[in-house]
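Q: Pasting the sequence and the predicted coordinates here, then a few questions.
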Amino acid sequence: MTTLRLAIVGAGPAGIYAADIAKKADRGFDVSIDLFERLPAPYGLVRYGVAPDHPRIKGIIGALREVLDGGAVRLFGNVDFGTDITLDDLRKHYHAVIFSTGAIRDADLAIPGIDLPGSYGAADFVSWYDGHPDVPREWPLDAREVAVIGNGNVALDVARMLAKHVADLMPTEVPPNVVAGLAASPVTDVHVLGRRGPANVKFTPLELRELGEVPDVDMVLHDEDFDYDEAAKRAIATNKQVLVMDRILQGWRKREPGTASRRLHFHWWARPVEILGTDHVTGIRWERTEPDGMGGARGTGEFRTQEVQAVYRAVGYFGSPLAGLPFDERHGVIPNHEGQVLGDDGALVPGVYATGWIKRGPVGLIGHTKSDAMETVDHVLRDGSMWWSPEHPDEASVVELLESRGVRYTTIEGWHLLDAHEQSLGVPEGRARVKVVARDEMLAASLGASAR
Ligand SMILES: Cc1cc2nc3c(=O)[nH]c(=O)nc-3n(C[C@H](O)[C@H](O)[C@H](O)COP(=O)(O)OP(=O)(O)OC[C@H]3O[C@@H](n4cnc5c(N)ncnc54)[C@H](O)[C@@H]3O)c2cc1C
């Protein structure tokens, strides 16, 4: 065999890094890579997760695009694995496949009231404000007081996007339906709840600091949460990140009470136990916790409530099963050993690999998906004896297959067209880009005059 035909499913950072690493590896044989993506545009959560007011992070798209532009990788967008193409199809056309399908839905939080109208998952809200084509265009922003459950960066993103005045988002790529929704929001108070203390947060310093700089938003912290025990003091003394974040929080505590029209309240040692309401969310109830001496928290039996009309749970993302593949329902990942997929019997599944969030769960930054991809690709390249023996390894046959099924696939050239279209939409408003949301409009721009 002179050419490894490699399929990668999911064109987020994990899939694109995997393609890049396979392409550049010292391998002794050629490689030809096809990248399948269910959306008409690549880049996964960099486009549909990273907040619009984080243009520096969104800029990673530039580096990912260079991989797709550089040859040896073909992009097939608007192709859904499981619908448009199956594992059997891939077996007929490739020697191996890497799944890098990430995670897009919210992890569950099993507390009473979680299903009430007005209780939302952060992932759904993120998909809305980041203009994901497959979610409704309208978002019910009618609450004055809102609770956000969680102490990770997604909770910070959600709290910031809720509290920030839309005028301060206008230099960004936010689409028109999101601008209209946020502009009508009557929100005044956002309450962020964490079940442990300020020294246990999972935020990162940059993101936390940024929150304190949002115009016309005051930070409200409570002295009782800062009565640090030995474990917290140790964490601050030994972990640079925790130290920096503690300094940020202490700085906010010293601020004079403000007169901003919106407020962000932090409640630590607060374990949500119930979302209140009968037909709609009217409040949230939590148990006050305390340090357990080992860096964790235990209940105190004291309960508090806060009136809110909406609750967002930012308690983590969760992967989705893929047709024909094993799935670990507990962790929301494809079971694997260093990226080599394992069957229900624990044995390696020949030719099938995983990388990114679907491999190791929805934690970690974009950069982490690179080292992760190295590990997976290393196995792919060494596992020659386990590869499939495809009937149709030539590059043309998979195109014929998609066309015979009437799949309106997009390509990297199509992304260039959509990219240029989005940039042109920004020009009249002096913005770098206005994101296109509707799948039809994305396809129209990507496919151009093509009759496909
Ligand atoms: C709200 C939020 C904000 C974040 N902000 C930051 C940040 O500021 N900085 C940072 O470094 N990291 C950030 N991250 C983390 C970062 O987004 C992830 O580390 C990274 O995107 C994971 O990459 P991935 O390729 O594994 O998954 P994804 O980015 O989810 O990509 C998976 C791709 O697979 C596609 N796919 C799924 N199913 C199928 C299918 N059946 N067929 C074909 N294609 C499919 C998806 O459409 C998607 O394009 C953030 C994450 C979230 C959720």
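A: Received the coordinates, thanks.

Q: Can you pull out the residues in contact with the least confident helix or strand in the chain by mean pLDDT?
A: Within the chain, no helix or strand scores below helix 55-58, which has a mean of 91 by mean pLDDT, DSSP states H and E. With CB atoms under 8 Å, 6 or more residues apart in numbering as the test, helix 55-58 has contacts from Val46, Arg47, Val50, Pro52, Thr172, Glu173, Ile366, Ala432. The C-beta positions use only the backbone N, C-alpha and C, and glycine is treated the same way.

Q: So the fourth one belongs to a strand, correct?
A: Going back to what we said before, that points to Pro52. No: counting by DSSP: H, G, I helix; E, B strand; the rest coil, Pro52 falls outside a strand, being coil.

Q: State the number of residues packed around the residue lying closest to it once chain neighbours are set aside.
A: Nearest residue to Pro52, sequence neighbours excluded (CB to CB, 6 or more residues apart in numbering): Thr172, at 4.1 Å. By the criterion of other CB atoms under 10 Å, Thr172 has 20 neighbours.

Q: Quick check: Thr172 vs the ligand, distance?
A: 13 Å (CB to the nearest ligand atom, to the nearest Å).

Q: Gly251 - that's part of a helix, no?
A: Yes: under three-state DSSP, Gly251 sits within a helix.

Q: contacting residues for it?
A: Here Gly251 is in contact with Gly212 (CB under 8 Å, 6+ apart).

Q: And the pLDDT at it?
A: Confidence at Gly251, expressed as pLDDT, is 96.

Q: What of Asp279?
A: pLDDT, read off for Asp279, is 97.

Q: what about it, distance to the ligand?
A: From Asp279 to the ligand the distance is 29 Å (CB to the nearest ligand atom).

Q: what's the neighbour count on the closest residue to that residue other than its chain neighbours?
A: Nearest residue to Asp279, sequence neighbours excluded (CB to CB, 6+ apart): Pro117, at 6.9 Å. Using other CB under 10 Å, Pro117 is surrounded by 11 other residues.

Q: Quick one: distance of the least confident helix or strand of the chain to the chain centre.
A: 14 Å (CA atoms, centre = their mean, to the nearest Å).

Q: Please renumber the chain so that the first residue is 28 from this point on.
A: Yes, from this point I'll number from 28; that puts the last item at helix 82-85.

Q: Check which element follows that helix along the chain.
A: Later in the chain than helix 82-85, the nearest helix or strand by DSSP states H and E is helix 87-96.

Q: Let me see the residues that make contact with that following helix.
A: Contacts for helix 87-96 (CB under 8 Å, 6+ apart): 38, 40, 43-44, 46-47, 50, 62, 69-70, 73-74, 100, 102, 393, 439, 442.

Q: and what of stretch 283-292?
A: 186, 190, 192, 214-219, 238, 241, 243-248.

Q: What mean pLDDT does that stretch get?
A: 94.

Q: follow-up on the earlier one: I figured the residue nearest to Asp306 hits His307, correct?
A: Yes: taking CB atoms under 8 Å as the definition, Pro144 is a contact partner of His307 at 4.9 Å.

Q: how many other residues sit next to the residue of the stretch 278-427 of the chain found nearest the ligand?
A: Using CB to the nearest ligand atom, the single residue of the stretch 278-427 of the chain nearest to the ligand is Gly383, 2.3 Å away. Using other CB under 10 Å, Gly383 is surrounded by 34 other residues.

Q: Would you confirm that it contacts Gly37?
A: Yes: assessed by CB under 8 Å, Gly383 is found in contact with Gly37 at 7.1 Å.
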